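>>> give the three-dimensional model of this entry:
(chains A, B and C)
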Amino acid sequence: MTEAVPTSVRAPGDENLPRVRSLIVGSRMMLAANTTLQLTFLFAYLYLRANNFGGMWRPGVGTPAPGITLMILLVPVVTTLVLGAAVGVAGRGDRRALTRILGPALLLGAATIAVRVYQLYHTGYDLAAGTYVDIAVIWLAVILAEFVLGALWMVSIYNSHVRQTVVASHSHVRALFEYWLYATVVAVVVSGLIQFVT
Amino acid sequence: MAAVAVATRGTAPPSLSRRLHEWGLALAVVGAAIGFFVGYALGSLAIGDGDNSLGSNAGILLGYSLSAVGFLAGMGFFNYPIARLLGRPVPTADDEAYLHGEGGGLARYFRLTTDHKVIGMQYVVAILAFLFVGGLGAMFIRTELLTPTPTTATAESYLTLVGLHSTLMIFMASAAIIGPFGNYFVPIMIGARNMAFPRLEALTFWLLPPAGLILLSTVFLGGFTTGWTGYAPLADQNVLGMDSYLIAFSLIGLSIMLSGLNMIVTVITLRAPGMRFTRLPIFVWGVFLTSFLGLLAAPALLGAIAMETFDRTYLATLFVPAGGGSPYLWENLFWFFGHPEVYIFILPAFGLIMEMLPVFTRRPLWGYRVAIGGLVGVTVLSFMVWQHHLFVSGLAPALRPFYMFSTEAISVPTGLIYLVALGSLWRARTRFSTPMLFIGAFLFNFLIGGFTGVFLSDVPSDFTLHGGYFVQAHFHYTIMGAEVFALMAGLVYYLPKMTGRTMDTRLTRFQFWAVFLSFNGTFLSLLSVGILGMPRRVISYAQYLQPLNVSATVFAYLLGGSMLLFLGILIWNVVIRPVPAKENPWESLGVEWHLPTPTPVYNFDTVPTKWSLPYEYDTGRVAADVGHPAPALGGATP
Amino acid sequence: MSWSALTQWSFEPVPILAAVFAVVLYYQGRRYQPEHVHRSLRWDLGDTCFAVGTTVLLLALVSPIAAFDTQLQWDHMLQHVILLVLAPPLILLADPFRTAWQGAQAISGTHGTSRMTPFAGSLRWLHRGWPPALAVLVAFSANLLVWHAPALYNVTLVNDQVHDLEHTLFLGLGLLFWDQVIGPLGAAARLQLGGRAALLLAGMLVSWALAVFIGYASHPLYAYPGNAGGLGSLGDQEIAAGIMWVPGGVPFLVALICCGVAWFDREERLATRAAPGAG
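Numbering: from 1, shown residues only, chains lettered A, B, ... in the order given. Here you go, the predicted model:
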């Protein structure tokens, strides 16, 4: 264990940086894991709602204003659409065009987080007012965390691309897009559930 | 052996990042301390609101969370992500080589190192440490149970002891095989020079020390009385020590999930050309399929723990009946993770046993496809059976038969795996080398563990046996009797490869008989005590059960002694008075045995492209030609 | 419930006539099988599957299973499991539509003139890979979920036409779904093995999710009359959920196993071709 390790040829690709295919497969596997996480909250939500123990599921709780809800849903959708366009641009190999499109995507990503933080702090109901509120708040918090991770990923791709340290490839941008698409679909479905299946 | 070119090193002075890595462990400790205090202050302030207990809960939870973050930051895990975030240049080749441990030396084992072989060795130490501390807990438990009435412990402290023992052992068991042997050998067995995400793999290891320490700190916070299952509403009501359990378990859950992710991606994307799935060693199949369990089941645990922390900090009532919540919800979420978790324990052990069997029977593995079918069957069905933990806990009576059926059905693929092992042994001229003794014990112990599981899967018998020592003996037979024996088999078998040293044969064989007999003495006594009605997690019991409890305790002391003996032999022969091992002492045809020892940093100079299964003992063909001369077959049994 | 329940057959004319018609067409199609169809003229596994599939389908629609479907939820669930996941794959294993077309041509005296039914030809778009497969998956899942919404489900308990529509949609979408899985491997643009496994997994998960929802409900969701032969409405509902969950999952699992075995065989062939001496 302490003796010298036999030397061996260091080949290209031996660096500890993940290969593109590993990144794509890994990203999709994480989405699969994320699915179980969402199903966990879905199960809790529907179980508590179906049973309404002690009538404490939703005693006299209001719902958020539709205007706010719409914006909360639209912003990540628009972000995802812009990222989808970025995938096409990345596929053409136009580095400058990619920079031009990733910038707005980044701003939209920040806006996504902002509106979701706003949502979390302006749900309009008190945490002591039923398990509907409890499960809704923690579920929305988890989804917010996912958007934060997605935004950080976007920042890293953008900064590396702009500074030309790691030029964003089609695969990178596509993996990012898939992640945002997943998170957005989850956010829309969950928001719909919390809004309409009460 | 092919001529190698030493990787050239630059003459530039070490970068700041590299210097920080050298001091990783010290910085990690500092980071943990800072993180804890910052987290505690923030948590208490955020939730304080004049309610001390809630604020303390939030403080402890956030403190532990940020201490883990601080620990990892000190180790250097955030260096690369932050560099990417800021768009800074990728690490230099020299820095990456340093991270990969090219320089050798003992220091690699105490910092962030991305060489999967180093990580495997780190896991060996961690697993043995968890086993040791958890084992100490077992000794205290058995000592307390010498008498039917409490002697030294109170009920609460006893339950904390039980919880600590069980949770530490669960932490150990979840990585006992994949951690050391999966990390070390899976990349080699598939012809890869590295793992898909090397930093991530290092992270899965370095999550263990903070998890263990945070869990142990529960004794300073009043302990926790729920056992490892963390059932609500007791979890909601518990004192601060419960927070230790929650954070520690979530760190382990994260480690399981990330390790699963890495193994899956490595096997899918980094197999050598020619290494198709039908050529994968059965051990790699075991690890690969287990990784799906870890990846998909651990998030359920993380979600449940998130909900529980919410209950304990924000006065949410997700699991509290008075507030509209349900303890049964926790049970379902926990066991949705908990049942796949027990297959996370045993599937890699199956894979390891089946990998070693052909070496000692000197024949191809019997039923390679059947074994894979069995492993796949167990993997898929393990998500369909969690309700058998709830037969007496609130599951609707009308649903019970369906889960009885699915639970019994899972014994079919398990039986197929067992059949493969027996078929491999049938009429074989088996070499009863030391690892083979442990393999035989595995098969014996798992048979008992498996049979007792069938009784528990049947609703009528489960009604009687649930919550008692029969259940306890069942899972000790399967986890300790099978998995830990597989661990010992693997260590005896693979230590010559991992360290170039070997454990003394006579002493180890003596230790084997000691551990096998004492293990069965202990847990057959507990099976009996369970049939006679003794419940689990109790500090006092009926007088008539004392003789069997005394028997169990005496055998448990012997068991503890024999485990210590194993540890002692290992340390003595590997560290203190190293005994050099022969190259390929078992005359295995596996590719890992045909590389130099110690294995080169990047495993292969030239990755082989022609692969066969490593079980061709009829022809003597090595799994892949790596250019390293193999010793002649047919030597004496070590 | 007593043993006399077993004598209560509904003998609905539509399913019986349809089954007879299908069997006749199939039989004729097999009898006058064109030469370009490489299938043994003797009774084969496909014929067995067709026979079993048609039989269970008929049982679901005319036997006492059908007689009690508006009184016992577990019985109704058994019927749905047959319509959705048992009968369709069995029938499809017999390549029924091409065979029936051959039979229709044989009966009309035009056999050998056209290899493809106009109907099948117009549905070729269904076999163009993922977009239509995804559409079928969504339709199959949505259909399952929508019909289990209490409002609509309760209508089927009292309105025969709506009930028949429900069964027709279950069978039709069931056939479409399983057609994505049971097509010939290697057929142009059909889903590969991985895609079929993913489709099966997704379909199975949706039905599991629904079963969990129904099984864990604390009160009866649907307006079944009576006390379900002593079981109670809730007990009846829980058994129904169990049937959807465990037996209803078996066809998916069997199909997944078949995909796994086929994939393994293919890997083995590729490995042997790449390195003939190895392994």
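>>> which residues does residue C:61 contact?
Residues near residue C:61 by C-beta atoms under 8 Å, 6 or more residues apart in numbering or on different chains: C:10, C:12, C:15, C:79, C:167. Quick note: C-beta positions are derived from backbone N, CA and C, even for glycine.
>>> list only buried entries from those.
C:10, C:15, C:79, C:167 (16 or more other C-beta atoms under 10 Å in any protein chain shown).
>>> output the contacts of residue C:61 in a markdown table; the columns should cover distance to chain B, pLDDT and secondary structure.
Output for the contacts of residue C:61, formatted as a markdown table (distance: C-beta to the nearest C-beta, whole Å; pLDDT from 0 to 100; DSSP: H, G, I helix; E, B strand; the rest coil):
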| residue | distance to chain B | pLDDT | secondary structure |
| --- | --- | --- | --- |
| C:10 | 26 | 78 | coil |
| C:12 | 30 | 80 | coil |
| C:15 | 29 | 87 | helix |
| C:79 | 18 | 94 | helix |
| C:167 | 24 | 94 | helix |
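>>> out of the residues you listed, who's nearest residue B:385?
residue C:79 (26.4 Å; C-beta to C-beta).
>>> hmm, the closest one is touching residue C:67, no?
No. At 10.4 Å, residue C:79 and residue C:67 do not qualify as touching, with contact defined as C-beta atoms under 8 Å.
>>> show me what residue of chain B gets nearest to chain A.
residue B:324 (2.5 Å; C-beta to the nearest C-beta).
>>> wait, that residue sits on residue A:48?
Yes. At 6.9 Å, residue B:324 counts as touching residue A:48 under the criterion of C-beta under 8 Å.
>>> overlap of the contact sets of those two?
Common neighbours of residue B:324 and residue A:48 (C-beta under 8 Å, 6+ apart) are A:57, A:131.
>>> in chain A, what residue comes closest to chain B?
Here the residue of chain A nearest chain B is residue A:56; by C-beta to the nearest C-beta that distance is 2.5 Å.
>>> name all residues that make contact with that residue.
Shown in contact with residue A:56 (C-beta under 8 Å, 6+ apart): A:130-131, B:317, B:323-325.
>>> ramachandran coordinates for it?
Per-residue torsions, residue A:56: phi -100, psi 20 (degrees, to the nearest 10).
>>> please tabulate the buried ones among the contacts of residue C:61 in TSV and include distance to residue B:275 as additional columns.
Output for the buried ones among the contacts of residue C:61, formatted as TSV (distance: C-beta to C-beta, whole Å):
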residue	distance to residue B:275
C:10	58
C:15	53
C:79	48
C:167	50
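>>> how is residue C:255 assigned, secondary-structure-wise?
Of the three states, residue C:255 takes helix under DSSP: H, G, I helix; E, B strand; the rest coil.
>>> and the stretch 51-200 of chain C, which residues reach chain A?
Not one residue of the stretch 51-200 of chain C sits near chain A, judged by C-beta under 8 Å from any C-beta of the partner chain.
>>> could you say which helix or strand contains the closest residue to chain B within the stretch 51-200 of chain C?
Nearest residue of the stretch 51-200 of chain C to chain B (C-beta to the nearest C-beta) works out as residue C:74 at 8.8 Å. If you go by DSSP states H and E, residue C:74 is part of helix C:73-81.
>>> hmm, who's touching that helix?
Contact with helix C:73-81 is made by C:60-61, C:65-66, C:68-70, C:167, C:170, C:222, C:224, C:228, C:231, C:233, C:236-237, C:239-241, C:243-244, C:247-248, as judged by C-beta under 8 Å, 6+ apart.
>>> who does the worst-scoring helix or strand of chain A on mean pLDDT touch, helix- and strand-wise?
Ranking every helix and strand in chain A by mean pLDDT, DSSP states H and E puts helix A:66-92 at the bottom, with a mean of 87. Secondary-structure packing of helix A:66-92 (3 or more C-beta pairs under 8 Å, 6 or more residues apart in numbering or on different chains; DSSP states H and E): helix A:95-121, helix A:170-196.
>>> what's the angle from the last one to helix A:95-121?
When you say that, I think you mean helix A:170-196. Here the directions of helix A:170-196 and helix A:95-121 differ by 20 degrees (axes from the mean of the first three to the mean of the last three C-alpha atoms, to 10 degrees).
>>> ramachandran coordinates for the residue of chain B closest to chain A?
phi 100, psi 0.
>>> residue B:611 too?
Dihedral angles of residue B:611 (phi, psi; degrees, to the nearest 10) stand at phi -120, psi 150.
>>> taking the stretch 251-400 of chain B, what residue is nearest to chain C?
Nearest residue of the stretch 251-400 of chain B to chain C: residue B:398, at 3.6 Å (C-beta to the nearest C-beta).
>>> who's in contact with residue C:223?
C:150, C:154, C:157.
>>> which among those residues count as buried?
residue C:157.
>>> among the contacts of residue C:223, which lie within strands?
Among the contacts of residue C:223, no member falls in strands (DSSP state E).
>>> now the contacts of residue C:223 as JSON lines including distance to residue B:118 and pLDDT?
Conversion of those to JSON lines gives the following (distance: C-beta to C-beta, whole Å; pLDDT from 0 to 100):
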{"residue": "C:150", "distance to residue B:118": "59", "pLDDT": "92"}
{"residue": "C:154", "distance to residue B:118": "64", "pLDDT": "94"}
{"residue": "C:157", "distance to residue B:118": "65", "pLDDT": "92"}
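>>> please enumerate the helices of the stretch 151-279 of chain C.
With helices called from DSSP state H, counting those that start in this stretch, the stretch 151-279 of chain C shows them at C:160-181, C:193-215, C:233-245, C:250-274.
>>> tell me if the third one is near chain B.
Right, helix C:233-245. Yes. Counting by C-beta under 8 Å from any C-beta, chain B is contacted by helix C:233-245 at C:234-236, C:238-239, C:241-243, C:245.
>>> ranking the helices of the stretch 151-279 of chain C by burial, who's on top?
Across the helices of the stretch 151-279 of chain C, averaging neighbours per residue (mean count of other C-beta atoms under 10 Å in any protein chain shown) puts helix C:233-245 on top, at a mean of 24.
>>> work out the gap between that one and the centre of the chain.
Chain-centre distance of helix C:233-245: 21 Å, with C-alpha atoms, centre = their mean, to the nearest Å.
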